[in-house]
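K.L.:
the following block contains a protein sequence and its predicted model.
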Amino acid sequence: MRKYLAEAIGTFALVFAGTGAIVINDVRGGAITHAGIAMTFGLVVMSMIYALGDISGAHLNPAVTIGFFAARRFPLRQVLPYIAAQFVGAFAASCTLRAMFAEHPTLGATIPFGSAGRSFTLEIILTAILMLTILSVATGKKVKGITAGVAIGGLIALEAMFAGPICGASMNPARSIAPGVVSGALGSLWVYIAGPIAGAVLVAPWHGWFFQSRN
């Protein structure tokens, strides 16, 4: 139960801080800036890895959990409970932001700029790079260790920095579904479900073989 609570808390923090930065940036006329939003996502993930990594592994992301399973580093029986906990945390965060900023139309939902197909491709590639990094620094099924938080948080900030203006750089179905459903911004939501899952699953099968000399 502690693992699932940790996943819910960690995902709450991720969605509350990350999408909250988007909302506050809009409300305050760009005070945070795009770079600030990207850094917020990276820093909150880094913090949660150090805070909760020893308890649950700090997946904070259904695509990451599925990727660990596809890499044979995570048991099937825990996949659905982890994902359920992540969605509980994400929806709690979006509902909290709705209560605080009722006037905001999207609550930081991810919306493609331009074609959905371009954003879908970006989400696959971004998540594949993220999953590659996670599997490389993770210990077994857990994202933990001295360098894990810096590597993963830094990569998320980097990818959000350059790809965020086009696809939102979600890489996380829970992060996109929660604000989308709570705000009603449901257009192209499939991009942020299928894209991250596809990216995570594409990397997982060959990662162990590619890095077998390290394992």
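P.N.:
Okay, I see it.

K.L.:
which positions in the lowest-mean-pLDDT helix or strand in the chain come out as buried?
P.N.:
Across the helices and strands of the chain, mean confidence by mean pLDDT, DSSP states H and E is lowest for helix 191-210: a mean of 89. Of all the residues in helix 191-210, those buried under the rule 16 or more other CB atoms under 10 Å are 191-193, 195-204, 207. Using the backbone N, CA and C atoms, a C-beta is placed for each residue, glycine as well.

K.L.:
please apply the same query to stretch 14-30.
P.N.:
Using 16+ other CB under 10 Å as the test for burial, stretch 14-30 gives 14-26.

K.L.:
tell me the one of these nearest Leu52?
P.N.:
Checking the buried residues of stretch 14-30 against Leu52 by CB to CB gives Leu14 as the nearest, at 10.8 Å.

K.L.:
pretty sure that closest one sits against Ala58.
P.N.:
No: between Leu14 and Ala58 there is no contact under CB atoms under 8 Å: 9.5 Å.

K.L.:
who touches both of the two?
P.N.:
Shared contacts of Leu14 and Ala58 (CB atoms under 8 Å, 6 or more residues apart in numbering): 45, 48.

K.L.:
list the buried residues in stretch 82-102.
P.N.:
82-83, 85-94, 96-97, 101.

K.L.:
nearest to Ile129, of those?
P.N.:
Among these, Gln86 lies closest to Ile129 (CB to CB), at 20.5 Å.

K.L.:
dump the residue contacts of the closest one.
P.N.:
Contacts of Gln86 by CB under 8 Å, 6+ apart are 7-8, 11, 59-62, 65, 174.

K.L.:
give me the element it is part of.
P.N.:
Per DSSP states H and E, Gln86 falls inside helix 76-100.

K.L.:
so how far is that helix off the chain centroid?
P.N.:
Computed by CA atoms, centre = their mean, to the nearest Å, the chain-centroid distance of helix 76-100 equals 12 Å.
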